[in-house]
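Student: what's the 3D shape of this:
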Amino acid sequence: MMTRSRRSLVLTDESARHPFRAMLPPHALVDAPPVQLRSKFIPTRDDIRGFASTYFAALAFMLVFIA
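Tutor: Next up is the predicted model:
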C-alpha cells in the first residue's frame with residue numbers, strides 16, 4: 001500500500017531554508033539596494049584630538065604604572 005505524505009495547505013516558499021523565512025511573503029525577501037559607503041576616511045580635528053588625548057593618557061598611565 002502506498003502512503004502519501006501530508007502537505008500543509010498553506011503555500012510556502014520552499015526555496016527559503018528556514019521555516020520562518022518560508023512563511024514570509026515574497027516581497028519581504030527582496031534584497032535591499034546596496035548602500036553607498038564613503039570611499040575614504042578623512043579625519044577631523046576632533047578625531048585627531050581624541051586620538052592624541054587617548055595616546056598621552058595611556059602613555060602617562062604606563063609611566064605611572066612602571067615607576
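
Student: For the helix or strand that contains residue 22, give the mean pLDDT please.
Tutor: For residue 22, the enclosing helix or strand under DSSP states H and E is helix 19-23. For helix 19-23, mean pLDDT is 78.

Student: And the next helix or strand past it?
Tutor: helix 45-66.

Student: What is the least confident helix or strand in this structure?
Tutor: One helix or strand of the chain scores below all others by mean pLDDT, DSSP states H and E: helix 19-23, with a mean of 78.

Student: Near residue 24, how many other residues are there?
Tutor: Residue 24 has 13 neighbours, counted by other Cβ atoms under 10 Å. In this view, the C-beta of every residue, glycine as well, is placed from N, C-alpha and C.

Student: and what of residue 21?
Tutor: By the criterion of other Cβ under 10 Å, residue 21 has 13 neighbours.

Student: what about it, distance to residue 28?
Tutor: Distance from residue 21 to residue 28, counting by Cβ to Cβ, to the nearest Å: 9 Å.

Student: Tell me how far the residue at minimal distance from the centre of the chain lies from residue 29.
Tutor: For the chain, the residue nearest the mean C-alpha position is residue 35 (12.9 Å; Cα atoms, centre = their mean). Going from residue 35 to residue 29 by Cβ to Cβ gives 19 Å.

Student: coming back round to it: could you give me the buried positions within the least confident helix or strand of the chain?
Tutor: Residues of helix 19-23 classed as buried by neighbour count (16 or more other Cβ atoms under 10 Å): residue 22.

Student: Restrict it to CA atoms and write it as PDB.
Tutor: Provided in PDB are the C-alpha atoms of helix 19-23 (Å, rounded to 0.1, in the frame of the first residue of the first chain):
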ATOM      1  CA  PRO A  19      10.600  27.800   8.400                       C
ATOM      2  CA  PHE A  20      10.200  31.400   9.400                       C
ATOM      3  CA  ARG A  21      11.500  32.600   6.000                       C
ATOM      4  CA  ALA A  22       9.200  30.200   4.300                       C
ATOM      5  CA  MET A  23       6.200  31.900   5.900                       C
END
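
Student: other SSEs contacting that helix?
Tutor: If contacts are counted by 3 or more Cβ pairs under 8 Å, 6 or more residues apart in numbering; DSSP states H and E, helix 19-23 sits against no helix or strand.
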